[in-house]
Structures are given as C-alpha cells and as structure tokens.
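> Mind folding the following:
(one chain, ligands or ions: 2)
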Amino acid sequence: MEPVKRILITGGAGFIGSHLSGHLVAEGHDVICLDNFFTSQKSNIAHLLPCPNFELVRHDVIDPIQLEVDEVYNLACPASPVHYQHNPIKTGKTSVMGAINMLGLTKRVGGRILHASTSEVYGDPDVHPQSEDYRGNVNPIGLRSCYDEGKRFAETLFFDYHRMHGVDIRVVRIFNTYGPQMHPYDGRVVSNFILQALADEDITIYGDGSQTRSFGYIDDLIAGLLAMMNNENGFVGPVNLGNPGEFTILELAELVIEMTNSKSKLVTQPLPSDDPTQRKPDITVAKEQLGWEPKIELREGLKKTIAYFSKLDLSQFRRPTENTLK
Ligand code: NAD
Ligand code: UDP
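Numbering: from 1, shown residues only. Ligands and ions are numbered 1, 2, ... in the order given. I've put the predicted structure just below:
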C-alpha cells in the first residue's frame, strides 16, 4: 500500500480541486484543501468535511502561508474567462504570486509541486493540433492576457525554481475539462449549454460557433494529474492533458440539445475578443511519458454531467461575479 502523504491542494474546493480532494481523501492521504472561495463554495467539498484526513483552510494564495506537506497541487485560479476577466489584476496576482508562494513553500519543505497550467498558453494557435514544443500565439495586452500571460509566467517560475533551487516540479497544460461539480454559474460553455438546455432557454453561441474545442472529462483529467504527480522517471513536463476529440461549439450545442431532449433555440452573441478559433491537444508526450490517455468520450461524459446538473438546486448557489447566465 502507498504510504500516507500530506497533500496540499490550492483551489481545492473548485471544480477540479474538489474531485482531486475526494480522490486523495479516499486513498487515505492527509489532504489540506486551501481556497478563498472566489469561484467555488464550501458546499462543493461539504461531503469531505467529516473525514478525519480532510482539512479546509480559507486562505488566498497571493499571501504566503506556512504548512508542512509532502506534495502540493497548485490549482488556485479562476478558470472561466468571464470570471478571470472580472478582476484581471487579481487574476495576474493569483497566478504569479500564488506560484511564488507555493514554490517557496515547496522549497522550504523539500516537497514536490504540480502546477495546473493551461492550453491557453498556446493563445489563438496557428499550429494544429498543439504539442508542447509550440510556443504559442498570445496577445500580451488583450482581455485574456491576465490569465494567459499569468499562466505563462507561472510556468517560467516553476522552471526557474527547478533549475535554480532543484525544486521537484511537475507542469501540466490542461485542455477544456468538464463534469459534475462544475459551478452552475461557472460561465464556461459546457455548463452554460446544459443549464440553458435543461431550462429550454436560448443557447448562447458566441460568434458563428465554428470555433473548436476538445473536451476532456474530469475523471480522465484526475487520472492524468495523478500519473504526472506520481511519475518517478524524471519527467517534469510540460505535458498536455486533454481529449483530442475536436468539436465545433455548434456541434456541442446540438449534441446537448439532443441529449437533454430540449426545446431550446440557438441564438448568437458577439464573439469575445481573442477567443481562440481552434484547440486540440497532441497527447503523444502524455502517452509516452505517463502511459496516459483519455477513455471517456464526449457523449458519455455529457450524460453524467447532464445528470448532475438536472438534480442541482440552483437556489443554493451564489454567482461568483455578475458575468454569468442571467
Ligand atoms: P474553478 O474556478 O472551479 O476552481 C478554481 C478554485 O481556485 C476555486 O475554488 C477558487 O475559489 C479558487 N481560487 C481562485 N483564486 C484563488 C486565490 N487567489 N486563492 C485561493 N483560492 C483561489 O476552476 P477549475 O476548472 O477547477 O480550474 C482549476 C485549475 O485548473 C485552475 O488553475 C485553472 O486555470 C486550471 N485549468 C482548468 C481548466 C478546465 O477546463 N477546467 C483548463 C485549463 C486549466
Ligand atoms: N462559448 C459560447 N457560449 C457560451 C460560452 C462559451 O459559445 O455560453 C464559446 C466561447 O466563445 C469559446 C468556447 O465556447 O469559443 C469555449 O468557451 P469557454 O468559456 O468554455 O472556455 P475557453 O476555451 O474559451 O477558455
């Protein structure tokens, strides 16, 4: 049996963090979930609160903290464009100062740290599909740059702490991930479309819907994060974690309407600035280095996600910002 580890998860109450917390608690590890609840709420991890090996700390990663742990998963950061653009300066601080604080903590305790980077480091890519050696096409002064450049500089910090101080790092670039425990007012496309379809409301297509994304189901991502954190072959990343199945936003809308048996109509809204026109991961590195590849296709993952949202009591959720579904 694996020895019990002390594991810190920043952003541990969020969508990905709550799944990871649940998984690591079930494996018997001592989990500290750290969150400022900007885009999540306590109810997302309420089921874990009675567990003796789960601890919740309300804290903001832009401030230093001293904790003694063996591993850190650094996930704290709003991930939905509408929320990370709400206070872009804070988003930059969260990415950069959060990374510095968590790298400093890991250096002090001599632990290992995994960073949740993103496919957004590739910007609006002119190489397709995107492999890790592609350096990206990011607008450094646009509305998305607080997130894109924040995540890019966080990657720089991770590699500098690794080279300069020998910190044991792991860097993953996560592509669009969806599943249960997403905040209903998250504002990203999968939760928006499912909520709209379940309520027979108009489905909001930004632009003409021809832009593409590759959607990965949460269970596959969690397996990838664990494979990366636990690999002992010296591979530190960066590594793409995503599902190479590529869909236009229109195709996603039609699939959600079909699967929810909805009467919703499609309506178009302006395309947000710098919205990437295409996105699809090349996962050769993940396959070779980690033996990882996704198993859950979009239809199967959507089925589970629709089942989750159809049972949700929306009155129990606070909107993180005013920028989500009305
Ligand atoms: P999420 O918004 O559900 O979770 C983020 C969590 O971080 C929330 O609980 C939020 O309250 C917390 N947080 C935000 N700022 C904080 C701060 N300053 N201090 C402490 N906590 C803070 O988003 P998610 O989808 O779970 O994403 C988790 C991580 O994965 C993020 O770093 C995101 O950039 C990255 N990522 C996610 C995706 C995706 O498709 N879900 C894709 C690429 C990268
Ligand atoms: N999108 C949309 N309608 C919505 C929400 C998003 O058409 O209600 C589009 C958005 O413009 C983008 C894609 O769906 O092209 C994915 O958006 P999301 O916010 O999920 O994440 P992104 O991949 O852009 O970070």
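> C-alpha only now, for contacts and for neighbours.
OK.
> Can you give the contact residues for stretch 79-91?
Counting contacts by C-alpha atoms under 8 Å, 6 or more residues apart in numbering, the residues outside stretch 79-91 that touch it are 39, 77-78, 143-144, 146-147, 150, 186-188, 320-321, 323-324.
> and that stretch, which residues are buried?
Within stretch 79-91, the residues that qualify as buried by neighbour count (16 or more other C-alpha atoms under 10 Å) are A79, S80, P81, V82, H83, Y84, Q85, P88, K90, T91.
> Would you mind measuring the gap between the ends of that stretch?
The straight-line separation of the ends of stretch 79-91 (C-alpha to C-alpha, to the nearest Å) is 10 Å.
> Can you get me the centre-to-centre distance for it and its chain?
Centroid displacement of stretch 79-91 relative to its chain, using C-alpha atoms, centre = their mean, to the nearest Å, is 14 Å.
> how about it, does it reach ligand 1?
Yes: using C-alpha under 6 Å from any ligand atom, a contact is recorded between stretch 79-91 and ligand 1, made by A79.
> so where is the protein shaky, pLDDT-wise?
Under the criterion pLDDT under 70, the flagged ranges of the chain are 1, 325-326.
> Show me the helices in it, by range?
Here the chain has its helices, by DSSP state H, at 15-26, 81-84, 88-109, 145-165, 189-198, 218-230, 249-260, 284-290, 298-310.
> nearest to G242, of these?
Within those, the stretch nearest G242 is helix 218-230; the backing value is 7.2 Å (C-alpha to C-alpha).
> Would you mind listing the buried residues in the closest one?
Neighbour-count burial for helix 218-230, counted by 16+ other C-alpha under 10 Å, picks out I218, D219, D220, L221, I222, A223, G224, L225, L226, A227, M228, M229.
> Isn't the fifth one up against G17?
No: using C-alpha atoms under 8 Å, I222 is not in contact with G17, being 9.4 Å away.
> and of the contacts of stretch 79-91, the nearest to D275?
The shortest approach to D275 among the contacts of stretch 79-91 belongs to R144, at 8.3 Å (C-alpha to C-alpha).
> Next one: the closest one relative to G110, how far apart?
Computed with C-alpha to C-alpha, the distance linking R144 and G110 is 34 Å.
> Comparing these two, which residue is more hemmed in?
Comparing R144 with G110 by other C-alpha atoms under 10 Å, the one with more neighbours is R144, at 23 against 16.
> contacting residues around that one?
For R144, counting by C-alpha under 8 Å, 6+ apart, the contacting residues are P81, Q85, D274.
> mind checking how far the first one is from ligand 2?
When you say that, I think you mean P81. The gap separating P81 from ligand 2 is 5 Å, by C-alpha to the nearest ligand atom, to the nearest Å.
> that older thread, I'd like the buried residues of helix 218-230 written out as a markdown table, with distance to ligand 2 added.
Written out in a markdown table, the entries for the buried residues of helix 218-230 read as follows (distance: C-alpha to the nearest ligand atom, whole Å):
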| residue | distance to ligand 2 |
| --- | --- |
| I218 | 14 |
| D219 | 18 |
| D220 | 18 |
| L221 | 16 |
| I222 | 19 |
| A223 | 21 |
| G224 | 19 |
| L225 | 19 |
| L226 | 23 |
| A227 | 24 |
| M228 | 23 |
| M229 | 24 |
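> what's the closest of these to P270?
Each of the buried residues of helix 218-230 was scored against P270 by C-alpha to C-alpha, and I218 proved nearest at 28.8 Å.
> Check whether the closest one really touches T177, as I assumed.
Yes: I218 sits in contact with T177 when judged by C-alpha under 8 Å, with a separation of 6.0 Å.
> Run through who's touching stretch 313-320.
Residues outside stretch 313-320 that contact it (C-alpha under 8 Å, 6+ apart) are F38, T39, S40, H83, P184, Y185, D186.
> Just the terminal-to-terminal distance for it.
Per C-alpha to C-alpha, stretch 313-320 runs 16 Å from first to last residue.
> Appreciated, that's everything.
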